[in-house]
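**Q** what would the 3D arrangement of this be:
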Amino acid sequence: MIQRIQTIYLLLAGLIPAFALFQSLLVFTTTEGGVLKLTGLGYEGTLADGRFPWGVCLLTIILALASLATIFYYRNRKKQIGMVNGCIGLALAWYVTLGCYGWSILRRLADVEMEITISAILPAFSLVLLILARRGIKKDEALVRAADRIR
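**A** Take a look at the predicted model:
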């Protein structure tokens, strides 16, 4: 089903979170000049304390792999729609997890300013692509049902 548009949507929806995994998502700066960057693979900067953002990392990897694996369920459209719905839930859970990590850093460090980078917005594009893929899969399912009805 490589020619179907939802395959392209699912492919891009899987690659975008993988790209965001290696970029800084949130940047925290103090008035003294200390910097802490939250990436999908850990914390970087002068304020890094050796902690690891397991939630963001795991959800990013699972979201990317699940979006790519959903492509191969093209023969079973109902299961593919269910997998896309699960990926949409994972994308929403990713933002909740990122917010929790950001909130905990703001509480832990005193006098810190938080900046949201463009990489933190990239999974929102993935969310839009997943919604478009679900719509395309539903159109295919309706087309197959209409063809079965005619027979």
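
**Q** could you report the pLDDT at R51?
**A** In this model, R51 is scored at 76, pLDDT.

**Q** where does this protein dip in pLDDT?
**A** In the predicted model of the chain, residues 1-3, 148, 150-151 satisfy pLDDT under 70.

**Q** L98 contacts L26, correct?
**A** Yes. When contacts are counted by CB atoms under 8 Å, L98 is listed as touching L26 (7.2 Å). C-beta coordinates here come from the backbone N, C-alpha and C atoms, glycine included.

**Q** need the residues touching each of the two.
**A** Taking CB atoms under 8 Å, 6 or more residues apart in numbering as the criterion, L98 and L26 both touch L38, A120.

**Q** next SSE downstream of the helix or strand hosting C87?
**A** Using DSSP states H and E, C87 maps to helix 77-108. Using DSSP H and E, the helix or strand that follows helix 77-108 in sequence is strand 112-116.

**Q** let me know the angle separating that following strand from helix 77-108.
**A** Inter-element angle recorded for strand 112-116 and helix 77-108: 160 degrees (by axes from the mean of the first three to the mean of the last three CA atoms, to 10 degrees).

**Q** just to revisit the earlier point, flag every buried residue along the helix holding C87.
**A** 77, 80-81, 83-84, 86-88, 90-91, 94, 97-98, 101-102, 105 (16 or more other CB atoms under 10 Å).

**Q** chain center to it, what's the gap?
**A** Put simply, helix 77-108 sits 7 Å off its chain's centre (CA atoms, centre = their mean, to the nearest Å).

**Q** assumed T29 was part of a helix.
**A** No. Applying DSSP: H, G, I helix; E, B strand; the rest coil, one finds T29 to be strand, outside a helix.
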